[in-house]
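Trainee: what's the 3D shape of this:
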Amino acid sequence: MVKQMKREKGITLIALTLTIIILLILASVTTYSGISTIKSSKLNRFKQELEIMQSQVNMLYEKYNTEIEAGQEIEIGEVLTNSEEENNAFSGAGESDKTGYRILTKETLEEVGIEGVENEYLVNIAKRQVISLEPFEKDGEEYYTLAQLSERNTIEEGIERGKIEFSLETNLSESGVEVTVSNIKYSKYVGKGSILYQKVGSSTWRTLVTDYKESEYQFTLNEPGEYTVKIVDAAGVEKVAETPIIIETGNYLLDGTRYFDTLVEAVAASNDGSVIKVIKDTEESEFLTIDKDITIDMNGKTITYTSSNIIIDSGKNVVIDGNGMLKCTDDGGSFIVNNGNLEIKNSTISSGRGSGMILGTINNENGSLVIENSHIIETNGNTAIIRWSYYK
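Mentor: Below is the predicted model of the structure:
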């Protein structure tokens, strides 16, 4: 009985060995967890500094936007020294063009009032680029920029880091091109950025929105030319719209997509079912044959023919609408010769060719004519004569 009690109180060699193994496993797990926590803390610190720097550079860009557009270099920070450390940072960040970069040392950071930053940086305010002079090393790779951190990591929510998505739609109007930027998506890792545009041939980007908060923005571009729109997030990652915006000017807008100076050009470029919108009061002198099924939206404007006339081909359907005036100031043959199907709605047709039975403001001898809420008048104000077929 005594011997049995001693065996119960003792520790066997196997039990001791298992205990030691368990303790070693727990110790290794704790050590790994501690190292991982330290690395994660350092990475977060590195990211926070880059985000602070990027935000500050974005604000400096806005502050000195006028000087930047004028091509002036912003002399904030110290000039490059071409040191090995600088060259390594440029190389590591994938930046081959050093033009416009300066060094923000701890002293210059204090001078410009940037707080909460311990490292030193290479910055280009005009390009809104930030490069850490000293990299952060993780898993055998070196990181110099927020963009690099974004490109090499993904997140569970939102889109892949280092990427931006958005939709771009355009709508032509009398005042220019209405642009809508919508469905903006970005990595939650880096935060919101800015919407910018650039006219082709210009060296600078103009900022439309800084720190966008909505998923949709609208603006109007009205200066003729070709434009590019892009979004830059807080990490400096860029997404440029694949399709450029082209702004043209003219007197006529065809199907909401193209401008033309003359009605002859607009009709020639049209297709059956096209709508030609009159953008400006204008004068025409070219002989016009309408050989398409089209609608002319007068848009409250006036087209003045100083000579020639308009012929509508047989079987073609033409609608003139839109509270405007189509007039002719000379006294030649009939102003409109309709051999097709003409509808005049909410418009005025005025001509000096309305007197007598041979000539008329509208010669409808071989076509069909529908007039709704419109006026067909002579230039002297009298009701103009429309020449009808003698058999109608």
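Trainee: Who are the contact partners of Val319?
Mentor: Residues near Val319 by C-beta atoms under 8 Å, 6 or more residues apart in numbering: 294-296, 342-343, 345. C-beta: built from backbone N, CA, C; applies to glycine.
Trainee: Asn363: neighbouring residues, count only.
Mentor: Neighbour count for Asn363, taken as other C-beta atoms under 10 Å: 23.
Trainee: Thr207 reaches Gln198, doesn't it?
Mentor: No - Thr207 is not in contact with Gln198 according to C-beta atoms under 8 Å; the separation is 10.5 Å.
Trainee: Could you check how far the residue nearest in space to the middle of the chain is from Lys277?
Mentor: The centroid of the chain falls nearest to Val229 when counting by C-alpha atoms, centre = their mean (3.8 Å). Using C-beta to C-beta, to the nearest Å, Val229 is found at 25 Å from Lys277.
Trainee: Just list whatever residues bridge to the nearest residue to Ile245 once chain neighbours are set aside.
Mentor: Nearest residue to Ile245, sequence neighbours excluded (C-beta to C-beta, 6 or more residues apart in numbering): Tyr227, at 4.3 Å. Following DSSP bridges, Tyr227 is listed with bridge partners Lys199, Ile245.
Trainee: hang on, the earlier thing: let me know the secondary structure of the residue nearest to the centre of the chain.
Mentor: With DSSP: H, G, I helix; E, B strand; the rest coil as the basis, Val229 sits in strand.
Trainee: can you list the domains in the protein?
Mentor: Per automatic domain parsing, the structural domains of the chain span 72-144, 164-247, 252-388.
Trainee: Export those domains to JSON lines and append columns for mean pLDDT and distance to Ile14.
Mentor: Shown next, in JSON lines, are the domains of the chain (pLDDT from 0 to 100; distance: least, C-beta to C-beta, whole Å):
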{"stretch": "domain 72-144", "mean pLDDT": "86", "distance to Ile14": "40"}
{"stretch": "domain 164-247", "mean pLDDT": "80", "distance to Ile14": "50"}
{"stretch": "domain 252-388", "mean pLDDT": "84", "distance to Ile14": "85"}
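Trainee: okay, the ones you listed in TSV with distance to Leu24 next?
Mentor: Output for the domains of the chain, formatted as TSV (distance: least, C-beta to C-beta, whole Å):
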stretch	distance to Leu24
domain 72-144	26
domain 164-247	37
domain 252-388	74
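Trainee: quick one, which of those is nearest to Gln56?
Mentor: domain 72-144 (5.1 Å; C-beta to C-beta).
Trainee: what's the span of the closest one from first residue to last?
Mentor: 27 Å (C-alpha to C-alpha, to the nearest Å).
Trainee: Report the buried residues of stretch 225-244.
Mentor: 227-237, 239, 241 (16 or more other C-beta atoms under 10 Å).
Trainee: Distance of the residue nearest to Ile245 relative to Leu172?
Mentor: Taken as C-beta to C-beta, the span from Tyr227 to Leu172 is 14 Å.
Trainee: And for Ser182?
Mentor: On the measure of C-beta to C-beta, Ser182 and Leu172 end up 18 Å apart.
Trainee: Please say which of these two ends up with more neighbours.
Mentor: Between Ser182 and Leu172, Leu172 has the larger neighbour count (other C-beta under 10 Å), namely 19 against 13.
Trainee: quick one: the strands in the stretch 151-300 of the chain?
Mentor: For the stretch 151-300 of the chain, the strands defined by DSSP state E, counting those that start in this stretch occupy 164-173, 176-186, 194-199, 206-210, 216-221, 225-232, 238-240, 245-247, 252-254, 258-260, 274-278, 282-284, 288-290, 294-297.
Trainee: just those: most buried one?
Mentor: strand 252-254 (a mean of 24; mean count of other C-beta atoms under 10 Å).
Trainee: Mind giving me the packing neighbours of that strand?
Mentor: If contacts are counted by 3 or more C-beta pairs under 8 Å, 6 or more residues apart in numbering; DSSP states H and E, strand 252-254 sits against strand 258-260, helix 263-269, strand 274-278.
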